[in-house]
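K.L.:
What follows is a predicted protein model with its sequence.
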Amino acid sequence: MTREIDTAGTSPDPLEGLAPPGAPPELRARVLAASRAALLAEPEPRDRWTLLWTSRPLRLAWAASFLLLIAGHAALAPSGRPQGQAATPSLSRPVSEADAELAAIGHLPRLDPDARPLGGNPVRPSQPSLPPESEQPEENRT
Amino acid sequence: MTVPNAEPRAAGIEGSREGTAAGTGLRETLEKAFSALSAGHPDALEALYDATADRIYGLALWRTGSAEDASDVVQEVFLRIVEARSRLGSVKEPFPWLLGLAHHVAIDVARRSKRRATVPLDGVPFLAAAERDHGSPIDAARVSRLLARLPAAQRDAIYLRHFEECTFARIGRITGVPAFTAASRYRLGIGKLRRLLEGRP
């Protein structure tokens, strides 16, 4: 199929009449002995993590479940929210009627400038309280 | 130290791997050996070794540039075959599978070996004269020295193309590159070898 690609030059074959050397004769006994020993040896028991790591179907299952989790997360994430908007409502946002009760519960009276003190007259924040006359310095007395 | 066999391996015996009677014979031999190994018969190792060891050794030698590393590759390949014996029955193309395994093991061994960084490849006998009475025999030692100047990937492509008669598509599958890349490596390598033989840089 790819013979036509092999058209490098018209000069004679530079490797004509040559061949790679064969394997050393003494290698045969060494390789066969090692291979035979490995073949006859009892296979080592492998733990579960090794099996998980070496098994191709299980690795594919790992990858598929990971991709499924990513896809599920992307599909089930809230999609109607504008980008960059926080999940909790902003304090500056006008409170809707549905949130009125929640806003009333969350209202802190002590931060309300019109709130009455317990059992007393309302405090006017515009008039700061003055110390009693006896406590004023003498140079200030008229 | 492992000394490479001084005699070249027999050229022409099962030389053509794809679509020929010799290639079919090799395939049948490997399929029988693989099925016997799957069944746990150690005697199949000998037939497998005799059919493939020289080729694995040659590919490993051309890749690693070291006779010792090439011997280690042969042993490692056979150990991996034994380890993978339960899956040998599902191998569709035994010989390309074996060459691919040898290629990857050779890369691993060359990476682990420290010799490749220090020893020049000039003395590596990549080739031996197969036909001494040829009309104009090419000096095997000289071509080996020139082959040492090629990148290992180009030597791989030349070896698989020239001595295993693989198509570029198959070379690509064995070496893990596209067929076009395999063809480019072969063309570049064989072109440079020709230029070096003619005395051009």
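P.N.:
Noted; the coordinates are in hand. Everything quoted here is computed from the prediction, not taken from an experiment.
K.L.:
and the lengthiest helix in chain A, is it in reach of chain B?
P.N.:
Selection of the longest helix in chain A by residue count, based on DSSP state H, yields helix A:56-76. No - using Cβ under 8 Å from any Cβ of the partner chain, helix A:56-76 never reaches chain B; the gap is at least 10.1 Å. For every residue, glycine as well, the C-beta is placed using N, CA and C.
K.L.:
tell me the mean pLDDT over that helix?
P.N.:
The average pLDDT within helix A:56-76 is 91.
K.L.:
quick one: contacts of that helix?
P.N.:
By Cβ atoms under 8 Å, 6 or more residues apart in numbering or on different chains, the residues outside helix A:56-76 that reach it are A:51, A:52, A:53.
K.L.:
Now do residue 98, the pLDDT please.
P.N.:
All of this refers to chain A. 61.
K.L.:
Correction: the question concerned chain B.
P.N.:
Listed pLDDT for residue B:98 reads 93.
K.L.:
Residue A:40 too?
P.N.:
For residue A:40, the model assigns a pLDDT of 84.
K.L.:
There's contact between it and residue B:42 in this structure, I believe.
P.N.:
Yes - counting by Cβ atoms under 8 Å, residue A:40 touches residue B:42, with 6.6 Å between them.
K.L.:
lowest average confidence, helix or strand, in chain B?
P.N.:
In chain B, no helix or strand scores lower on mean pLDDT, DSSP states H and E than helix B:115-118, which sits at a mean of 58.
K.L.:
Name the next helix or strand downstream of that one, please.
P.N.:
strand B:128-129 (DSSP states H and E).
K.L.:
In terms of neighbours, single out the busier of residue A:40 and residue B:42.
P.N.:
residue B:42 (16 against 10; other Cβ atoms under 10 Å in any protein chain shown).
K.L.:
List the buried residues of stretch B:89-106.
P.N.:
B:91, B:94-106 (16 or more other Cβ atoms under 10 Å in any protein chain shown).
K.L.:
Just the residues contacting that stretch, thanks.
P.N.:
So stretch B:89-106 is contacted by B:17, B:23, B:26-27, B:30-31, B:34-35, B:38, B:52, B:55-56, B:59-60, B:63-64, B:69-70, B:73-74, B:76-77, B:80-81, B:156, B:160, B:164, B:166, B:170, B:173-176 (Cβ under 8 Å, 6+ apart).
K.L.:
Run a quick neighbour tally on residue 54.
P.N.:
I went with chain A, as the question did not name one. 10.
K.L.:
you looked at the wrong chain, it should be chain B
P.N.:
Residue B:54 - counted by other Cβ under 10 Å - has 21 other residues nearby.
K.L.:
Three-state assignment for it, please.
P.N.:
Three-state call for residue B:54 (DSSP: H, G, I helix; E, B strand; the rest coil): helix.
K.L.:
ok, it to chain A distance?
P.N.:
4 Å (Cβ to the nearest Cβ, to the nearest Å).
K.L.:
Check that residue and give its pLDDT.
P.N.:
The confidence metric pLDDT takes the value 92 at residue B:54.
K.L.:
That one reaches residue A:19, doesn't it?
P.N.:
No - using Cβ under 8 Å, residue B:54 is not in contact with residue A:19, being 9.5 Å away.
K.L.:
helices and strands of chain A: which one bottoms out on pLDDT?
P.N.:
Ranked by mean pLDDT, DSSP H and E, the weakest helix or strand in chain A is helix A:100-105, scoring a mean of 69.
K.L.:
which residues touch residue B:29?
P.N.:
Counted by Cβ under 8 Å, 6+ apart, residue B:29 has contacts B:47, B:48, B:51.
K.L.:
Could you tell me how far it is located from residue A:70?
P.N.:
48 Å (Cβ to Cβ, to the nearest Å).
K.L.:
What about residue 25, how many residues nearby?
P.N.:
No chain was given, so I picked chain A. 10.
K.L.:
that's the other chain; I wanted chain B
P.N.:
13.
K.L.:
Quick check, pLDDT for it.
P.N.:
81.
K.L.:
List the buried residues for the helix or strand it falls within?
P.N.:
Here residue B:25 sits within helix B:21-38, counting by DSSP H and E. In terms of neighbour count (16+ other Cβ under 10 Å), helix B:21-38 has its buried residues at B:23, B:26, B:27, B:29, B:30, B:31, B:33, B:34, B:36, B:37, B:38.
K.L.:
Lowest-confidence entry in those residues?
P.N.:
residue B:23 (66).
K.L.:
what's near enough to touch the residue nearest the centre of chain B?
P.N.:
For chain B, the residue nearest the mean C-alpha position is residue B:59 (2.0 Å; Cα atoms, centre = their mean). Neighbour list for residue B:59: B:99, B:102, B:103, B:106, B:156, B:159, B:160, B:164 [criterion: Cβ under 8 Å, 6+ apart].
K.L.:
Could you export those residues to CSV, including columns for secondary structure and distance to residue A:60?
P.N.:
Output for the contacts of residue B:59, formatted as CSV (DSSP: H, G, I helix; E, B strand; the rest coil; distance: Cβ to Cβ, whole Å):
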residue, secondary structure, distance to residue A:60
B:99, helix, 27
B:102, helix, 27
B:103, helix, 25
B:106, helix, 28
B:156, helix, 30
B:159, helix, 34
B:160, helix, 31
B:164, coil, 33
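K.L.:
All set now, cheers.
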